[in-house]
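give me a model of this one.
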Amino acid sequence: MEELAPSYPITLLCRLAGVARSSYYKWAARKQHPTAKQIQDDELKAKIMECHTHVKGIYGYPRVRTWLKKTYNLQVNHKRVYRLMRELGIRSRIRRKKPYFGSREATVVSKNVLNRKFSAAAPNQKWATDVTYLPIGSRFLYLSVIFDLYNNEVVSYQIGRHNNLKLVLDTVEAAVHKRNVKKLLLHSDQGFQYTHKHYHTLLKRKKIKPSMSRKGNCWDNACIESFFGHLKSECVRLQSFASEDELTEAIGSYIHFYNNERFQQKLNNLSPVEYRTKVA
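Below is the predicted model:
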């Protein structure tokens, strides 16, 4: 409308746009003589864009607000940050909610037996499991992992196009096939696969005791969340993948590297496999 104003009558443009002439003139006056609040908003927008660029768009408005406080000692209301980000057309690029698949019928919820005791005296005493998504173009692959809390080793993993019950059951079957398990505790969150009766039937058949995080509490499974963080920062986000096969191969290579070569301070600077073979 502003661009057309020199060539067409304001009355006509306002009628076509469906706004009152008085509203247009008020807007034009504000633009020529911005208020102190508008000037502050513009300055904040510049800092918000600085943050957005610096962190490559991974912060939502709560973290942007914290960044403004830490970087510029600015105490800004969260609603204002949210509004300005909307006006700028920016939002966090990550932490999408996990898609819901399948039915919630006949669910089984186990107690939090693990209770954040993320250590074990020997291999195959305590395992943790979870599923994360892997972006590939406009779609996702899903990675299901079982993790030994004794030495932070990936015992088994499965990659699939669908975040479903089969993905999780196949991961358990593969892990049990590799290891001789007795009196094993397997910890998970309360995702729909882990509360499904077929999952608990499989664990009972394999003589595995289930344990579950409290609902909505990611810290109860922080060990495996930490592994997913390393996987994504050290592999997935460092390169772009042209195909699902390319991504799948990269995940397999990284897990092999993680298990066999990536030394960890808590393991006396040994890799998980080295620690298991030399210490256990």
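
now do the longest helix seen in the chain: distance to the chain's middle.
The single longest helix within the chain, with elements called by DSSP state H, is helix 36-54. Relative to its parent chain, helix 36-54 has a centroid offset of 27 Å by C-alpha atoms, centre = their mean, to the nearest Å.

and that helix, what does it pack against?
With contacts defined as 3 or more C-beta pairs under 8 Å, 6 or more residues apart in numbering; DSSP states H and E, helix 36-54 has these neighbours: helix 61-72, helix 78-88. Glycine gets a C-beta too; all of them are placed from N, C-alpha and C.

closest to residue 262 out of those?
Residue 262 lies closest to helix 61-72 among those, at 28.0 Å (C-beta to C-beta).

before we move on, the earlier item: name the residues of the longest helix of the chain that are buried.
Judged by neighbour count using 16 or more other C-beta atoms under 10 Å, the buried positions of helix 36-54 are 41, 44, 47-48, 51-52.

that one to helix 78-88, inter-axis angle?
Orientation note: helix 36-54 sits at an angle of 70 degrees relative to helix 78-88 (axes from the mean of the first three to the mean of the last three C-alpha atoms, to 10 degrees).

contact partners for residue 55?
The neighbourhood of residue 55, defined by C-beta atoms under 8 Å, 6 or more residues apart in numbering, consists of 63, 67.

how does it look with 10 Å?
By C-beta atoms under 10 Å, 6 or more residues apart in numbering, the residues touching residue 55 are 63-64, 67, 92-93.

over to residue 90?
By C-beta under 10 Å, 6+ apart, the contact set of residue 90 is 45, 48-49, 51-53, 57, 59-61, 64, 84.

which of those sits closest to residue 159?
Distances from residue 159 to the contacts of residue 90, taken by C-beta to C-beta, are shortest for residue 57, at 25.9 Å.

these two touch, right, residue 111 and residue 210?
Yes. Counting by C-beta atoms under 10 Å, residue 210 is a contact partner of residue 111 at 8.7 Å.

out of these two, which sits in the more crowded spot?
Applying other C-beta atoms under 10 Å to residue 111 and residue 210 shows that residue 210 carries more neighbours, namely 19 against 11.
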